[in-house]
Every structure is written in C-alpha cells, then in structure tokens.
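Q: Quick check, what structure comes out for this input:
(3 chains)
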Amino acid sequence: MTAAQFPILILIIPLLAAFAISLFGGRRDKLAYGLLLAAMSGSFYAALQTLLLVLETNIPIHYRLGGWAPPYGIELVIDHLNAMVLCLVSGCALLTAIYSLPTVRAEIPDRIHHYYTLYCLLVTGLAGMVATGDAFNLYVLLEISALSSYAMLARGRGNAYYATFKYIIMGTIGACFYLLGVGYLYIKTGTLNMADLFRLLAEEEMQQSITIRIGFILIMIGIWIKMAFFPLHGWLPNAYTRASTTTSCLIAPLMTKVSVYIMLRLMFSVFSVEFVYGVIPWHEQIVWLASLAIVAGSISALAQRNLKKMLTYIIVAEVGYMVGGAWLANESGLAGTVYHILSDALMTLALFMAVGAIIHKTGKSSFAAMEGIFRKMPVTSAVFVLGGFAIIGIPPTCGFFSKWYLIRGGIETGQWLFVGALLFSSLINAIIFFRLIERAYFGDLSGHGHGPLPERDEAPAVMLVPMVVTAAALVIIGLYTSEIIGRIVLWTIPAGL
Amino acid sequence: MADFLPYIVAKYNYWAALVLLLIGLYGMIAKNNLLKKVIAMSIFQSAIILFYVSMGDKKGSTIPILLHGHGEHGALAIDPSQYANPLPHVLMLTAIVVGVSTLGVALAVLQKIHRVHGTIEEDEILESIEE
Amino acid sequence: MKKIALLITLAVGALLILAAEDFPRWGDAHAPANDYLSPYYIEKSLEETAVPNIVTAVLADYRGYDTMFETTVIFCAGITVLTLLRRTQRKAPKAVRPRPARQGADVILQSASRLLVPVMQIFALYVLALGHHSPGGGFQAGVILGASFILLALSYDLKTMLARLSENTLLRLSALGVIIYAGIGALCLLLGDNFLAYAALKVFGFSEVMAHSHGILGVELGVAVTVMAIMFSLYVDLASGGDLDEGL
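A: Below is the predicted model:
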C-alpha cells in the first residue's frame, strides 16, 4: 500500500470499524469505544496525509475505484477544498468520539455498540460525500448519512420520534429532489461523473437548455432542504434539540457544513461560474433570502430559553452566512464562505460540547443551568465563552476573520442588506452570549447571595480534553488565518470569478 | 392542437412519472395521517425510479443481457442499439434499496410514535406535545 | 396546510412540465443518455469482465463502489430499526395490548410452506449463481431467501422461526455480508491495487478477466447474505413491534 491509497482509507477505516463494532462491541462498552477511537484516529490520520499531499503538489488527487477510468467507473477527487473539509469531518468526529463515553453511558441505556456502529456509518457517509467525484455516488452516501442520522436523532432524550419523523420526510424530499436533478443532467448529457458533467455542460447548447436549468434548481432546492436554509429549516431545531449530547455534537457541526460544501462543489465543479451566476439571474434574490435567514435565525435564537434550541437557531443563521457568501459572486464572499465552513464547524462543536457538559453535570437544559457555572465548571465555561466569542466574531478567534471576509464581499458587490444582516446578527449574538455569561458569572450572587458557594464540579477529563482542543483550535486557526487563506482557501476559488 | 397530441404521446412515460411524483409530493406535505405520508413518500420515490428507467429505454431493444454470451467471447459483433441502456437500471437498483431502507426506518419510527402518543394523526400528536 | 401543499405541488409541477419540453423523445436510441456511456458498457462488459449480464457487470464492477454503500444502507436500516424498536431492558415492559391468540397450528399452511420453502431457497441460490448470465444476482437472491424465512415465520410462528435463526445470528450475518463485500475490496487494496479493483485477485491463478468475474460473484454473495438477514430482521422487528414474540 502506498501513499496513493490514503483517500480511500479515510472512508474505509470507519466503514470496516462499523461492522467490527457491531460484531464484537456488544461484549463490553470499552471495547466498542476503543474500536471507535482507533477508527476515528486512523481516518483523521489518512485525511491529514491526504491534505499534506494536496498542499505539497497543489494538484487534485484522482483515485479510481475498481481501477476503472472515469467516466465509466467512479472516482474520488480530492482538491484543496475537500481535503480541508475531510480533515474537518474526521477531526470533529475524532474529538466527539473521545468526548462521547460519559454522556453516551448516561443517556443511551443499552446497545451502546449499535449506537457506535451508527456513529461510524455516519462519519463514513459524510466523508464519502465530501470525497466523491460522482454525482450519483453522492446520493447513495447522502442516504447513508441521512439514515444513520435519523437513527441517532431518534435515540434522543425524551420524545424525539415526531421530530425525527418530520426530518425523515423532509430529508427524503431533499434527497429525491437532488436525485431528480441529477436525472435531468443525465438525460441531457448521459454522464454522472462531475468532471465530465462540467466539460459537457460548458457547451453552448447545454447552457441554453431549460432541462439543465431546472435540474440545477432542483438540485439546489434539494441541498437547501438538507442544510436547513431558511425557509426550509423547519425540521432542524426540534430534531437537534431533542437529540442526545453526542449526537448533537456530531451532527450539528458537520451535517450543515457538509451540505454547504456539496453546494459549492456542485456550483463550481459540475456547473460553472458563468452558468451559476449568469444563466439564471437569481443570485441577488438568494443573497436577500440568506439575509432574511440570518435575521430570522438570530431573532428566533434570542427568543429561546433552552440552551440547545438557541444554538440550533444560531446554526440556521450561520447557514444563511454561508449560502449568502457563496452567492455574492465575488472572491471575498466565496473565500469567506469556505473559511466559514472551517471556523463555524469548530465553533459550533465547541459550543455544543460545552453545553452538553453543562447539561450532563447539572441535568438542566434551560438557561437556569448556567447560574454560577463559572465557579462549578471553570474550564467548560471558558470553552463556552470562547465559542461564544467566535460566534459573535471577536478577534483573534476565527469567527472574526470569516465574518470579515463575508462583510468585505458584501460591500464589494454593494449587497448592503447582507452586510446589515451580518452586523445585526453579530449584535444579537453578543446580546445572547453576554446575557448568558452574566448569568454564569454573577448568577448565584444576584439572587440569594448569602448561600454557600457552589462546589467545584467539573466534567470528567475525557470530556474536557476534546473541548479544550477545540477551543484552542478556534484561536490557533484565527491566528493562522492568512496561511490558511493563502495555502487552501484561495485555491478553491474557481477560475472566472 | 395538431402538434400537441404527438408531443404528449412522445413523452407519455415522463408525464406518468411526473403525475406520480406530484401525487407523492402533495401527500407528503398535506396528509394528516402519518402512515399516509409514508405511503406518499414511497409513491414519490417510485416516480423517480420510473423516470430513470424510462430514459434508458430504446425502441425495439431488449434487456441488457448479451445474447450468445456463453463461450464464444467477442465472436459476434455487439450492436448497442439492440440492448436497453444498463446504467439507469443499475442506478435504480440502488435507489430501490435506499427506498426500502427509508421505508423500514420510517415505519419503525411510526410504531414508536404510536406507542408514545397513541395516535398517528398529526394534529392529535401536536396537541399532545403542547399539553 | 392543504392550500400551501397544493401551491407547492403546482409550482413544482409547472417547473417539471417546463423541463420536460427539452427531453429527448421517449425510446430514442440516440438520446444522449443512451449514446454516451452505455455503448461502452454494452460492448466491453463481456470482454472485460466475462459477464454477459451487463447490469450485473456495471452494478458489481464498474460501479461496485456504489453497490457496496447500497449494501451498507441496508445494513444501516437493519441496525436502525433494531435500535429503535427493541425495548430497553431497564424499563419494565409496558402493558402490551392483548394480541389475538393464535387458533392452533394450521396443518395445510404449514405443510404447504414446508414443501415450498426448500424450493424457494434453492431457487434463490440459482438466482445468485446465475446472476452473471440471466436476470438475478445478490439482491434478488437475498430477497427470495429472506421471503422464505418470512413465509416460515408466518405459517408457524415467530418464536419457532427465531429458535432456528436467532436475532444475534441475523445481526452477525448482516455484518458478515458487508464485510465480505468490503473485505474483497480491501483485499485488492492489500494486494497492491486500488480498492475494489478485482484485477488484483489474479494472484489466485485466474486470468485478469476471470478475476473480475469471480470478484463479482464474491461481492454478490456478500450482498445476498446481508439482504437476506436484514429483510428477515426488518420483518421480525416491525411485525412484533420489537418484542420478538408474536407478530401480526
């Protein structure tokens, strides 16, 4: 086996681990946990190696599955964009896997090994979607990640079944729209390989074809349903709020970000810049819709009194950031979107982990859980504060830089509505988080100030370490912004923009 | 009108897929009974399968299994227009499997909903959640 | 809700009717979909894989990567339904509503199914083995095998059937099938070729073409095992509401 095999190992290690866990993990929880950790580390290592390979050569890696040449066979294509997203997916999955054991034991009473099997399958599905270079293969992997996420969400606390059912219906509509759109492309071009589609769709006749245009619209709507883009976001808050801690830590940062990646991949690797922004003149309207998503998501987040539900509405707003940035049709906006995929996944992960630890320790998920948390859980609350700062966009966290690029992109094209929405949402996020931080710091003093000070009761080390790593990554990535932009993000900007 | 009928007839498979698809979509959004939603979901997926399989068809062609395929390898020249396009069949085999899996999971979730709420009517479930 | 649904449906319908204007005529042998990739498969599959059934060749070889994940989807659905429906051991079982008691054994039904089931299972193996030459293959064989177990469970009862094929066996079988598939892929990887490149199997003394053919048979076997186990496991869980006592 040579270095050329790393792209496939990112997927195959978690896939084989899923079967191994389902066969042997039933005996002892620790065994299932160990297998999970080993698989996620292996996958992350392979992803890192792949990223290094791409950074070294600066040309995309093509991996032929079964040895068949595309477009007859399926290929994996790894360029700068998906090498970065693959590292992100497997890295977040590794951190969440380390973090998972205490909460999984507490929240999922039995068949932990089946839960971990589904965990591995979900990671396989997400990584596979990111790595593939075939439009139909993307659909199959989309369904793997969807099915495993239905199962993980349904095993939530309390009554998650109705929320999951709605998600199944919406998810199926989304996936089927995507499949139908791919069918429209296939009926006109006769191919499913993305690079081949790109070549054929560049022809004048295809650019004018109404079937291709409507296929494009269907694909976009399908992906927007999957990523919960306003006004198609109805399923997300309830499904994610009721999920168990580990499930929401895995799904909330990754699912929407991978969908955003898929949107970018389809926009620029299947269709072209001219087609996306030129043939259907709707990109301004989409940016307006994205601005609306940001405003609506932020206001809904402000209205929540449940920590997790508040975070899910912040996700809805963040999806608005990324869709808006991608449709600004200029370099800064797109760079902001790509960079925001990275930073938003990490900050969402940090926040969900911190909130998960707080819920795990206090047993409450309302704002009351935050009372005096600084004294009880200093490390966890520090991670929470840092995550909050990143969401607001305070330097030197990476959230500041991605927002900076997005705002610059908005100003360059004169999309003042979008710029306004971004600033407004920063303001709202500041209100949300400072309100919580105030409670966390002064909460126990303001009310019944004379009671005994709460005991220090920090989360176990397996939960703390991944949280601290994530929080550190927020700052480190922020400090190395210019390197990341120069070495990775600028390479993802398609020609002609 | 003279152009219209041939236009309809020339693509009637696609129209059939389209009608099924819309029935499914409407049912998934509008029906109050969750089981009916699941049925509509199945119709929706089947419509897409019909659409794909229709595009692989060629007039006068047979199934994509080579005649004289035993023994005399490559002895006979193969005429591609004689056989239906195999690719949509392959894709739809996958889509059928995905459809069955989604159906199974949806039914399992539905059983759980019935166990918890005692009903599978959407409005009654919403009432019981709000209480 | 109904009005919104109607509105959405009409909008989508209008979009799709518009799109259909540009479709090639139905049955056109020279439509792009039929004229670009498919002639290659039709002309080359026998030469490159020694499989006259082109659908099998494309399914398990040219696009074998898709099919591996398709089998994984089935596996995933099986695990999902199981984790959803099986009751947790810690909770005391709720009062289960009484199911209609079974009215004794039905001699005609049981004798008929005893005669039918072996024939079905042999036919399933035939469908599996002849997937290279005739309509058939792993999925079809797996479904027929699964159906034969369901028939037994219906005509006897669930407990009798599960005594012969327990839940744990089903789970192991379902994982085993996908492991066969992914394992053949990984074996090719270990032999120094790409994942699922069956040509690497020629170290076992086949010609390259026959290595493809045998590789296809191997993965079809894996598919059949998984599909069989999951079909029956889905039936068992859904029919009994996860209690594994008596269904329907």
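Q: For whichever strand or helix holds residue B:127, which residues meet the burial criterion?
A: According to DSSP states H and E, residue B:127 maps onto helix B:122-130. Neighbour-count burial for helix B:122-130, with 16 or more other C-beta atoms under 10 Å in any protein chain shown as criterion, is recorded at B:122, B:125. For glycine as for every other residue, the C-beta is placed from the backbone atoms N, C-alpha and C.
Q: Does it reach chain C?
A: No. For a cut-off given as C-beta under 8 Å from any C-beta of the partner chain, helix B:122-130 has no contacts with chain C; the smallest distance is 9.0 Å.
Q: Any idea which helix or strand in chain B has the lowest mean pLDDT?
A: Least confident element among the helices and strands of chain B, by mean pLDDT, DSSP states H and E: helix B:4-10 (a mean of 76).
Q: that older thread, distance from the chain centre to the helix holding residue B:127, please.
A: Between the centre of helix B:122-130 and the centre of its chain there are 31 Å (C-alpha atoms, centre = their mean, to the nearest Å).
Q: Over to stretch B:3-17?
A: Centre-to-centre, stretch B:3-17 and its host chain are 19 Å apart (C-alpha atoms, centre = their mean).
Q: wait, what's in contact with residue A:419?
A: A:407, A:410, A:411 (C-beta atoms under 8 Å, 6 or more residues apart in numbering or on different chains).
Q: Report the buried residues of the helix or strand that contains the second one.
A: Residue A:410 is part of helix A:398-413, with elements assigned from DSSP H and E. Across helix A:398-413, burial judged by 16+ other C-beta under 10 Å covers A:398-411, A:413.
Q: do the same with stretch B:18-28
A: Residues B:18, B:20, B:21, B:22, B:24, B:25, B:26, B:27, B:28 are the ones in stretch B:18-28 that count as buried (16+ other C-beta under 10 Å).
Q: Could you do stretch C:198-206 as well?
A: Neighbour-count burial for stretch C:198-206 [16+ other C-beta under 10 Å]: C:198, C:199, C:200, C:201, C:202, C:206.
Q: go on, stretch B:51-66?
A: Under 16+ other C-beta under 10 Å, the buried positions of stretch B:51-66 are B:51, B:52, B:53, B:54, B:55, B:56, B:57, B:58, B:61, B:64, B:65, B:66.
Q: Can the biggest helix by length in chain C be said to contact chain B?
A: As assigned by DSSP state H, the longest helix anywhere in chain C is helix C:208-240. Yes. Shown here: helix C:208-240 in contact with chain B (C-beta under 8 Å from any C-beta) through C:234, C:237, C:238.
Q: are any of these buried, and which?
A: Of the residues of helix C:208-240 next to chain B, these count as buried by 16+ other C-beta under 10 Å: C:234, C:237, C:238.
Q: Mind pulling the model confidence for the first one?
A: Listed pLDDT for residue C:234 reads 91.
Q: Now do the contacts for it.
A: Remark: with contacts taken as C-beta under 8 Å, 6+ apart, residue C:234 is in contact with B:104, C:77, C:78, C:81.
Q: Of those, which is the nearest to residue A:269?
A: The closest of these to residue A:269 turns out to be residue C:77 (C-beta to C-beta; 30.3 Å).
Q: can you tell me the helix or strand for that closest one?
A: helix C:64-85.
Q: Buried ones in the helix or strand just after that helix, by neighbour count?
A: Per DSSP H and E, helix C:64-85 leads on to helix C:107-129 as the next helix or strand towards the C-terminus. Going by neighbour count (16+ other C-beta under 10 Å), the buried part of helix C:107-129 is C:113, C:117, C:120, C:121, C:124, C:127, C:128, C:129.
Q: what packs against helix C:107-129?
A: helix C:138-155, helix C:208-240 (3 or more C-beta pairs under 8 Å, 6 or more residues apart in numbering or on different chains; DSSP states H and E).
Q: From chain A, how far off is residue B:89?
A: 13 Å (C-beta to the nearest C-beta, to the nearest Å).
Q: Ignoring the adjacent residues along the chain, who's closest to that residue?
A: Of all residues not flanking residue B:89 in the chain, residue C:55 sits nearest, at 5.0 Å (C-beta to C-beta, 6 or more residues apart in numbering or on different chains).
Q: Against residue C:67, how distant is the one you found?
A: 11 Å (C-beta to C-beta, to the nearest Å).
Q: Looking at the two, which has the bigger crowd around it?
A: residue C:67 (28 against 24; other C-beta atoms under 10 Å in any protein chain shown).
Q: Assign residue C:27 to helix, strand or coil.
A: coil (DSSP: H, G, I helix; E, B strand; the rest coil).
Q: is it true that it touches residue B:59?
A: Yes. With contact defined as C-beta atoms under 8 Å, residue C:27 reaches residue B:59; the gap is 3.9 Å.
Q: re earlier: and of the contacts of residue A:419, the nearest to residue A:263?
A: Closest approach to residue A:263 among those (C-beta to C-beta): residue A:410, at 18.5 Å.
Q: isn't the closest one right next to residue A:333, touching?
A: Yes. Counting by C-beta under 8 Å, residue A:410 touches residue A:333, with 6.9 Å between them.
Q: OK, contacts around the closest residue to residue A:460 other than its chain neighbours?
A: Closest residue to residue A:460 apart from its sequence neighbours, by C-beta to C-beta, 6+ apart: residue A:102 at 5.4 Å. Counting by C-beta under 8 Å, 6+ apart, residue A:102 makes contact with A:360, A:459, A:460, A:462, A:463.
Q: Identify each buried residue in the strand or helix carrying residue A:102, please.
A: Secondary structure from DSSP H and E places residue A:102 in helix A:80-107. Across helix A:80-107, burial judged by 16+ other C-beta under 10 Å covers A:80-104, A:107.
Q: and if you look at stretch A:24-35?
A: For stretch A:24-35, by 16+ other C-beta under 10 Å, it's A:25, A:26, A:29, A:31, A:32, A:33, A:35.
Q: Stretch A:419-438 too?
A: Those would be A:419, A:421-422, A:424-426, A:428-430, A:432-433, A:436-437, for stretch A:419-438 by 16+ other C-beta under 10 Å.
Q: can you pull out the helices in the stretch 251-400 of chain A?
A: With DSSP state H, counting those that start in this stretch as the criterion, the stretch 251-400 of chain A has helices at A:273-274, A:283-303, A:307-326, A:331-362, A:373-376, A:378-392, A:398-413.
Q: Which of these sits closest to residue A:260?
A: The nearest among those, by C-beta to C-beta, is helix A:307-326 at 4.6 Å.
Q: Pick out the residue of the stretch 351-497 of chain A closest to chain B.
A: residue A:365 (16.8 Å; C-beta to the nearest C-beta).
Q: How many residues are close by the nearest residue to residue A:38 once chain neighbours are set aside?
A: Of all residues not flanking residue A:38 in the chain, residue A:17 sits nearest, at 7.2 Å (C-beta to C-beta, 6+ apart). Around residue A:17 there are 27 other residues, counting by other C-beta under 10 Å.
Q: Make sure I have this right: residue A:17 is in a strand.
A: No. Counting by three-state DSSP, residue A:17 is not found in a strand; it is helix.
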